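1. Below are the sequence and a predicted model for it; my questions follow.
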Amino acid sequence: MLSLFRRMFRLPRTYKRIIQVLVDTLLLTTSFILAMLLRLDSWTPLYEERTWLMVAVLIPLSLLIFVHLGFYRAVVRYMSQKALHAILLGVLGSAAAMAIISYWLDLPIPRSVPIIYAMLALLTIGGVRAILRGLYQRSLMRHKTCVAIYGAGAAGSQLVASLRHGQEYVPVCFIDDWRGMRGTLVEGLKVYAPSELPRLIKEYGVKRVLLAMPSASLGRRREILKMLEPLAVPVQTVPGMADVIAGRARINEIRDVTVEDLLGRDPVPPNQALLDANIRDKVVLVTGAGGSIGSELCRQVLQQRPRRLILFEVCEYSLYQIEKELLQFSKAAGLAIPIKALLGSVQQRQRLEGVMRAFRVQTIYHAAAYKHVPLVEHNAIEGIRNNVFGTLETAKAAMACQVETFVLVSTDKAVRPTNVMGTTKRLAELICQAFAREQHTTRFCMVRFGNVLGSSGSVVPLFRKQIREGGPITVTHPDITRYFMTIPEAAQLVIQAGAMGNGGDVFVLNMGEPVRISDLAKHMVRLSGLEVLSADSPEGDIEIVYTGLRPGEKLFEELLIGDDVTDTAHPRIMAAHESHWEWSKLEGFLQQLQDALIQVRHDRIRELLLEAPAAYHPQEQIADLVWIEEKALPAYESEVDGVEVRQAPETKTATFDLEEPIPSSTDWTVSARQR
């Protein structure tokens, strides 16, 4: 029977309308006959021709009324309250037509028959459609997943209506915290207390919990997720109200629980004066505009209505992506702000100065950097060139072009670093601090914060992928902890911090409490409806494997070098006062570092990094991949005019003329270098 109905629902629309008209003709005729029989309790009037004249006139007229009310435009399986209202009006119209026809034609129809006819027609015409709709939905329920909806408000009600028409889920009950809702019916579903959820999972076969509380604060959502975590069912959520209002999502979209839900904090209302200070009606340039932080800075800068927004990025694809996104957003928001996408490296001062002069840049947010700790550790020279000398060239270009404000996006890894990346960011801070005191044309400030959720290289998408693949989840160390902040919050605070201070200030963002990465992994496993496989839980699903700290990785990150820190006007921004070198001293150091880079002398580079006021304390040997490979190469001879001769672990350089033979020794590694 159900398969027959499913085949009927797949018929072409025209055929369905013809069937509806024929069925309604039969139902109206039957309702009229039954109304006459119930009223007169006799078959005699049905044998009169004048009685059937009523049928001949009434049925076509009733069908015309139904067509006018849109009866046959409504899809039975999606029949709504509006369609039921049209059925009621159509039946009342048909009954009124019967009374009028009977009066005009003087037919032997008792005056109570139209009333009886209306009730019967409403039951038959409306009832048949309701039965068909119910059979269709019941046929779908056999293949749907039973879900409980947490939140019996407007969002939950809308979600139920949407799910009933979908192909995946069937809602079976509501869960709500408010006592006043318990025991009531919403969209035909009973509302239960959260404490009853374990029983409901068994009783209704609930396979998933959908969190429908888009207006709840992040703190409240975190409490609910913590309560739901021990349940052996996955938890999903509808988008937050901010995404719905901004048009980035619909209220009935179902998503996996994000780490923002697990770790995010309720945002502090921004200070609009600070947001406007360096952006409103100014030309703003963002370096590294295609990165995770740079792209979010671009989005938020655009919302503050600059005169122009300049995107500066070395990666062509990333630049294309962010430009496309910003142009679409600008068009949708009705903003007439020019957006210029420019390719270039922050190491090329000539290119930088050309861009800054051409567009008369007033504010720079310098977010361009290599940030992945192991990659920079394995490619130390390129990391230093980009992070240190890229900042140096960008800062010099800014001063030469009389840029008003230069904001460096820094990191907590610059505090007592154990890796090259953190040391390069501390050196970038020192450059900005030195220039801030060397001149007064450009105001330099630095903003330091920890990890951002969802950035490139973040553990969160990696954990999610590993969970989907059935594990194991890889964590470097059981005790490793990190500070986390959402990208939008970090970018907004960077903009506000950049408007504070007089120059040379190091601002530190309040990151909240540090998070143990292994605990984060366990939360994500449990909220996926799975259990962690361990010695205590041998029947678990996902194992957590500890792989050991990577080169340069620290167990704990810090935000402050010393204790000299003061509060600012913003509750989540602090000002740190830290030692630095004057430019005269720093300049000589940078020249030595540059020479070491040119000569590819990794041992000298490490010596210089240890000399800098960055508190660099490496815990491993040099990890640069080229350095390691060169040390492992066998000796070889060269016929080039000049050669560099190395012997591990020390490096020696000798130059030979072609007339003299090159000394041979199995202990020497010889590499050629053109004079």
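-> Perfect, I can see it now.
2. Every contact and neighbour count from this point should use C-alpha atoms.
-> Will do.
3. Would you confirm that Ile116 contacts Ala35?
-> Yes. Using C-alpha atoms under 8 Å, Ile116 is in contact with Ala35, at 5.5 Å.
4. May I ask which helix or strand encompasses Ile224?
-> Element membership of Ile224 [criterion: DSSP states H and E] is helix 218-228.
5. elements contacting that helix?
-> helix 259-263 (3 or more C-alpha pairs under 8 Å, 6 or more residues apart in numbering; DSSP states H and E).
6. Neighbour count for Ile116 and Ala35, which is higher?
-> Between Ile116 and Ala35, counted using other C-alpha atoms under 10 Å, Ala35 has the larger neighbour count: 22 against 18.
7. and whichever helix or strand the more buried one is part of, which residues are buried?
-> Assessed by DSSP H and E, Ala35 sits inside helix 13-40. The neighbour-count check on helix 13-40 (16 or more other C-alpha atoms under 10 Å) flags 16-17, 20-21, 24-25, 27-37 as buried.
8. and Val23, what does it touch?
-> Residues counted as contacts of Val23 (C-alpha atoms under 8 Å, 6 or more residues apart in numbering): none.
9. Number of residues surrounding Leu343?
-> 14.
10. can you tell me which residues contact it?
-> Leu343 sits next to 312-316, 319 when contact means C-alpha under 8 Å, 6+ apart.
11. Kindly recompute the last result at 7 Å.
-> By C-alpha atoms under 7 Å, 6 or more residues apart in numbering, Leu343 lies in contact with 312-314, 316.
12. mind checking the backbone torsions on the closest residue to Ala575 other than its chain neighbours?
-> Of all residues not flanking Ala575 in the chain, Phe507 sits nearest, at 4.5 Å (C-alpha to C-alpha, 6 or more residues apart in numbering). Dihedral angles of Phe507 (phi, psi; degrees, to the nearest 10) stand at phi -100, psi 140.
13. Show me what the helix or strand containing Arg448 pairs with in its sheet, parallel or antiparallel.
-> Assigned by DSSP H and E, Arg448 falls within strand 443-449. Applying DSSP bridges to the sheet, strand 443-449 is found paired with strand 405-411 (parallel), strand 505-509 (parallel).
14. can I get those in a markdown table with mean neighbour count, distance to Ala273 and mean pLDDT?
-> Formatted as a markdown table, the strands paired with strand 443-449 follow (neighbours: other C-alpha atoms under 10 Å; distance: least, C-alpha to C-alpha, whole Å; pLDDT from 0 to 100):
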| stretch | mean neighbour count | distance to Ala273 | mean pLDDT |
| --- | --- | --- | --- |
| strand 405-411 | 25 | 16 | 94 |
| strand 505-509 | 26 | 18 | 86 |
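15. got TSV for those strands, with distance to Gly344 too?
-> Formatted as TSV, these follow (distance: least, C-alpha to C-alpha, whole Å):
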stretch	distance to Gly344
strand 405-411	18
strand 505-509	27
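16. Next, the contact list for the nearest residue to Pro234 once chain neighbours are set aside, please.
-> Spatial nearest neighbour of Pro234, excluding adjacent residues (C-alpha to C-alpha, 6+ apart): Gly529 at 3.8 Å. Residues in contact with Gly529 (C-alpha under 7 Å, 6+ apart) are 232-234.
17. Could you say which helix or strand holds the closest residue in space to Gln348 that isn't next to it in sequence?
-> Nearest residue to Gln348, sequence neighbours excluded (C-alpha to C-alpha, 6+ apart): Glu393, at 6.9 Å. In this structure, Glu393 is located in helix 390-400 according to DSSP H and E.
18. What residues sit buried inside that helix?
-> By neighbour count with 16+ other C-alpha under 10 Å, helix 390-400 contains the buried residues 390-399.
19. Tell me which other helices or strands that helix touches.
-> helix 349-359 (3 or more C-alpha pairs under 7 Å, 6 or more residues apart in numbering; DSSP states H and E).
20. Any buried residues in the helix it packs on, and which?
-> Buried, per 16+ other C-alpha under 10 Å, within helix 349-359: 349, 351-353, 355-357, 359.
21. And for that helix, what's in contact with it?
-> Against helix 349-359 from outside (C-alpha under 7 Å, 6+ apart): 344, 346, 393-394, 397, 401.
22. and of these, the nearest to Asp567?
-> When these are compared for distance to Asp567 (C-alpha to C-alpha), Thr394 wins out at 29.4 Å.
23. For that closest one, give me its contacts.
-> By C-alpha under 7 Å, 6+ apart, the contact list for Thr394 reads 346, 349, 352.
24. Let me have those residues in CSV, extended by pLDDT and distance to His68.
-> Below are the contacts of Thr394 laid out as CSV (pLDDT from 0 to 100; distance: C-alpha to C-alpha, whole Å):
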residue, pLDDT, distance to His68
Val346, 96, 68
Arg349, 95, 73
Leu352, 97, 68
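25. Quickly name whichever of these is closest to Asp595.
-> Each of the contacts of Thr394 was scored against Asp595 by C-alpha to C-alpha, and Arg349 proved nearest at 18.4 Å.
26. Domain map for this protein?
-> Using automatic domain parsing, the domain parsing of the chain gives 2-139, 144-257, 276-453+484-514+558-583, 633-675.
27. who wins for proximity to Lys522 among those?
-> domain 144-257 (9.7 Å).
28. Show the end-to-end separation of that closest one, please.
-> The first and last residues of domain 144-257 sit 21 Å apart, counting by C-alpha to C-alpha, to the nearest Å.
29. repeat for stretch 304-314
-> This stretch, stretch 304-314, spans 25 Å end to end (C-alpha to C-alpha).
30. any idea of the mean pLDDT in it?
-> In this model, stretch 304-314 carries a mean pLDDT of 96.
31. Contacts for that stretch, please.
-> So stretch 304-314 is contacted by 276, 279-290, 319, 337-345 (C-alpha under 7 Å, 6+ apart).
32. Quick check on the residues you listed: which are buried?
-> Looking at those with 16+ other C-alpha under 10 Å, the buried ones turn out to be 276, 279-280, 282-290, 319, 337, 339, 341-342, 344-345.
33. Restricted to strands, list those residues.
-> Among these, the ones falling in strands (DSSP state E) are 283-287, 339, 341-342.
34. before we move on, back to that, for the contacts of Thr394, which one is nearest Pro571?
-> Set against Pro571, the nearest of the contacts of Thr394 by C-alpha to C-alpha is Val346 (32.9 Å).
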